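**Student:** Kindly return the folded structure for what I paste below:
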Amino acid sequence: MQSMAELPERAGVALDAKLADQRALAQIARTLDELPHDLRVAYVMCVIEDISSEESARALSVPRGTLWRRIHEARQALRAAVEREEPR
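**Tutor:** Okay, the predicted model is just below:
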């Protein structure tokens with residue numbers, strides 16, 4: 001069995017990238033949980049569950065413009081959370 005020092009450098013880079021991906025996903029999950037309910041529901045329905053905007057807006061009793069604004073705000077919050085998490 002190889003020690004960590006004997007592994008090729010590429011393996012270390014791949015492990016670093018995987019760790020960074022895991023951290024980003026964890027941050028996204030935390031941020032999604034912290035979003036206001038209306039933003040979270042709109043994002044989950046349309047982006048994660050892939051429910052059409054027409055059906056989602058009807059189910060939430062909101063105009064499609066309101067639904068898209070909520071999705072936009074949710075995406076902004078998630079993007080900001082990932083950018084804060086990235087090492088500088």
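**Student:** can you count the residues close to residue 59?
**Tutor:** 12 (other CB atoms under 10 Å). (Each C-beta comes from the backbone N, C-alpha and C, glycine too.)
**Student:** Oh, that last question was meant for residue 71, not what I typed.
**Tutor:** 19.
**Student:** Do I have it right that it meets residue 48?
**Tutor:** No: in this structure, residue 71 is not within contact of residue 48 by CB atoms under 8 Å, at 10.9 Å.
**Student:** max-length helix in the chain?
**Tutor:** Across the chain, the longest stretch assigned as helix under DSSP state H is helix 9-34.
**Student:** Show the secondary-structure elements that that one is packed against.
**Tutor:** With contacts taken as 3 or more CB pairs under 8 Å, 6 or more residues apart in numbering; DSSP states H and E, helix 9-34 sits against helix 37-43, helix 64-85.
**Student:** Identify each buried residue in that helix, please.
**Tutor:** Buried residues in helix 9-34, counting neighbours by 16 or more other CB atoms under 10 Å, are found at 24, 27-28, 31-32.
**Student:** could you dump these to a markdown table with pLDDT and distance to residue 17?
**Tutor:** A markdown table is the format used below for the buried residues of helix 9-34 (pLDDT from 0 to 100; distance: CB to CB, whole Å):
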| residue | pLDDT | distance to residue 17 |
| --- | --- | --- |
| 24 | 82 | 10 |
| 27 | 86 | 16 |
| 28 | 87 | 16 |
| 31 | 92 | 21 |
| 32 | 94 | 22 |
